[in-house]
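[1] Structure for the following, please:
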Amino acid sequence: MPYLHHIGHDEKPKPKFKNPRKRASKLFNELKLEAVANSKSSKPEVWEVPFKVGDAVELEVLDSGGVQNPQNKRYDKIRGVVLGRENKGLDTGIYLKDVLFGEHVERKVKLHSPMVKSLKVLEEGFVNRGKKKGRRVKRAKLYYLRDRKPEETRVTKIQK
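    Residues are numbered from 1 along each chain as shown. As a prediction, the model looks like this:
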């Protein structure tokens, strides 16, 4: 006579997560990771550029009309100092700060956005310019630059 606790174990193993919410969360996480990998492989001109907080960068962004509009191929160049970086999967973005027409402009640009075409580093260690070469920024977020004078963080050239 077989033991009672051995009955019914010939079936396939059950999934580890029995709770539907946990199982859905795990599947959603796998989908997000797959989408991030696809985005990174499709845009190497954005993701393979090494930049750090405190660098001056230039982004080429589709001007208007959306991604699906084939007639609109104008790109807008956004320049600025990188104030910080957020790594949140598909929501990964950088904070840029520049001075336009004498006013501070701060933007958050999503790096996985299909509107972003390329990223180029204009100057490394832009915050430390004028100081000894090779100094590195020792903060993850440079929010203290918001209180500085406009001339200190201007990346765009003044047009006369």
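
[2] Which element, helix or strand, includes residue 39?
    Element membership of residue 39 [criterion: DSSP states H and E] is helix 20-42.

[3] got it, and residue 49?
    Assigned by DSSP H and E, residue 49 falls outside every helix and strand.

[4] State the distance from it to residue 102.
    Distance, residue 49 to residue 102, using Cβ to Cβ, to the nearest Å: 30 Å. The way it works is simple: take the backbone N, C-alpha and C, and place the C-beta from them, glycine included.

[5] In terms of neighbours, single out the busier of those two.
    The neighbour comparison of residue 49 against residue 102 (other Cβ atoms under 10 Å) goes to residue 49, with 13 against 9.

[6] need the contact list for the closest residue to the more buried one other than its chain neighbours.
    Nearest residue to residue 49 in three dimensions, chain neighbours excluded: residue 119, at 4.9 Å (Cβ to Cβ, 6 or more residues apart in numbering). Neighbouring residues of residue 119 by Cβ atoms under 8 Å, 6 or more residues apart in numbering: 45, 46, 49, 51, 57, 58, 59, 60, 111.
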